[in-house]
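Chemist: Here you go, sequence then predicted model.
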Amino acid sequence: MRLTLINKMLLGFSIMVLLTLLTGLYAVVSLRDIRRMSDAVVQRDLPIIETAGQMTENLLAQDLYEKRSVILRDPAVRTLFFNRSDEFRLKLAQLNFSSPEDEDLKGRIHSLHQEYDQFFKEEQDYLDRKQESMAKAVSEGPMQSRLNEMVKLLREFERRGREDQNSKTLQANQSSLQAFNITVVLVTISFFFGVGFAVFINSSLTYSIKQLQEAAHYIGQGLFDRALNVKATEEVQELAESFRWMSKRLKELGEMNLDANPLTRLPGNLAIEKALLTRLQEKVPFAFCLVDLDNFKAFGDRYGYIRGSEVLKKVAGILTEAVKALGSVPDFLGHIGGDDYVIITDPLRMEKLCEKVIHDFDETIPGFYDEEDRQRGYIISRDRKDVEQQFPFMTVSIAVVTNQKRAITSPMQVAEIAAQLKQYAKTFPRSVYVVDQRRTA
């Protein structure tokens, strides 16, 4: 079976994609394993080593205060002893182990420490009763033995933690080296396969493919309008047509993507001006609807920018659904920025479209407020002068500029009229749309 050009390219690209995915997958898995070992060291071994050392210091401090209490007989020294005891128990409670053996050691330390504190209390009782010999016997006997055993167990914890840390570090280094070597091998294979595949394609194709390569080079440089003149077999000719279509589409998508609003992905100012200018040049009837949200700033100050962004995306969805339901194919929807949107439609469909936007907006937006604010009917926020005020729920104001009754010659004129209408619409305490009814003299 003879493979066509498209089949050859699909086969080659499939193998390259497979190698790339294999390389990436192996690298991700290796990094995940190394990350787990690093997390185990950071989250378990290092805290155990550090906490065990601090607990040893606490025990030695308790021993020091115990010796001082025998000499000084000062209640303040006893208080310091028990303060250190509380710190010791707190740090012991913070130790988390995964093995039953370590948990048993932890329980053993807890029991020894309780006995140690109890013997200290007995010693102090003997001292209070002037029985120095009995107090000395307790201090040098059971108390010292408990202390030594606890220190020994804590050092055992430190030793285990350091051994586990060293083991995981060595294992992570070995895994890193192995992952590096295998990744290099896979990347090398992918590289040489790619070079071999490119050489094979170049050797099996004619001058027409070189023309397509030049076309791809032009597309990469952004020269989308560069015409293609390919004289080749039908198969390559179809590929050339695909390049032409791709070039045109990339140009359109590039212009749209550069101008699109990053939040709603709706066309931005350049696209809005172009759509309006096209209608002005063609002298077709249009209704330019400037959609603005009232009290949006107070909402953002009250709930934060994240919920404000959700509102803006929801409004974009409401406008999109309204245009889809009541508009037509030539209708245009754009996002100027912030809480300002634009709909360009036919004047005959304008009223129903605006009414649907207002209805859907008023039905949906209260759901973005907290239950407490919905029951109250307003929110409390600060105005631009940093004065706390009551703000009603958001409403939508739509300023509609048409060329039915007056001559409009430029996008700037549309913007000025829309700004005037928007200020008038904002005087209403509800969602409303206002239409410019003025005529050309």
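Modeler: Yep, it's here. Keep in mind the model is a prediction, meaning the values are calculated, not measured. Residues are numbered from 1 along each chain as shown.

Chemist: Domain map for the protein?
Modeler: Segmentation of the chain into domains, based on automatic domain parsing, reads 5-184, 210-259, 269-435.

Chemist: Need the residues that contact the helix or strand hosting residue 336.
Modeler: Taking DSSP states H and E as the definition, residue 336 sits inside strand 332-337. For strand 332-337, the external contacting residues (C-beta atoms under 8 Å, 6 or more residues apart in numbering) are 261, 263-264, 266-269, 271-272, 275, 316, 319-320, 323, 341-345. (C-beta placed from N, C-alpha, C; glycine too.)

Chemist: One more: stretch 106-122?
Modeler: 62, 66, 81-82, 85, 88-89, 92, 95, 97, 138, 142-143, 146-147, 149-150, 153-154.

Chemist: tell me the contacts of residue 123?
Modeler: 66, 70, 135, 138, 139, 143.

Chemist: Which of the residues you listed fall within helices?
Modeler: Within the contacts of residue 123, residues falling in helices by DSSP state H are 66, 70, 135, 138.

Chemist: Are any of the contacts of strand 332-337 buried, and if so which?
Modeler: Applying 16 or more other C-beta atoms under 10 Å to the contacts of strand 332-337, the neighbour count classes 261, 264, 266-268, 271-272, 275, 316, 319, 323, 341-345 as buried.

Chemist: returning to that earlier point: from the contacts of strand 332-337, which land in helices?
Modeler: Checking the contacts of strand 332-337 against DSSP H, those in helices are 269, 271, 272, 275, 316, 319, 320, 323.

Chemist: okay but the fifth one is in contact with residue 342, surely?
Modeler: By that I understand residue 316. No. Under the criterion of C-beta atoms under 8 Å, residue 316 is not in contact with residue 342, lying 11.5 Å apart.

Chemist: most tightly surrounded among the domains of the chain?
Modeler: For the domains of the chain, average neighbour numbers computed from mean count of other C-beta atoms under 10 Å are highest in domain 269-435, which has a mean of 17.

Chemist: For the residue nearest to residue 297 when sequence neighbours are not counted, which three-state class applies?
Modeler: Sequence neighbours aside, residue 384 is the residue nearest to residue 297 in space, at 7.9 Å (criterion: C-beta to C-beta, 6 or more residues apart in numbering). Reduced to three states with DSSP: H, G, I helix; E, B strand; the rest coil, the structure at residue 384 is coil.

Chemist: one step back: out of the domains of the chain, which gets the lowest mean score?
Modeler: With a mean of 59, domain 210-259 has the lowest mean pLDDT of the domains of the chain.

Chemist: so where do the strands sit in the protein?
Modeler: With DSSP state E as the definition, the chain shows strands at residue ranges 287-294, 332-337, 340-345, 378-382, 388-392, 395-402, 432-435.

Chemist: out of the ones you listed, nearest to residue 304?
Modeler: With respect to residue 304, and counting by C-beta to C-beta, the nearest of these is strand 378-382 at 11.5 Å.

Chemist: hmm, who's touching the closest one?
Modeler: Outside of strand 378-382, the residues that reach it under the criterion C-beta under 8 Å, 6+ apart are 298, 299, 301, 302, 369, 373, 388, 389, 390, 391, 392, 393.

Chemist: List the residues that contact the residue positioned nearest the centre of the chain.
Modeler: In the chain, the centroid-proximal residue (C-alpha atoms, centre = their mean) is residue 306; its distance is 11.7 Å. The neighbours of residue 306, taking C-beta under 8 Å, 6+ apart as the test, come to nothing; the list is empty.
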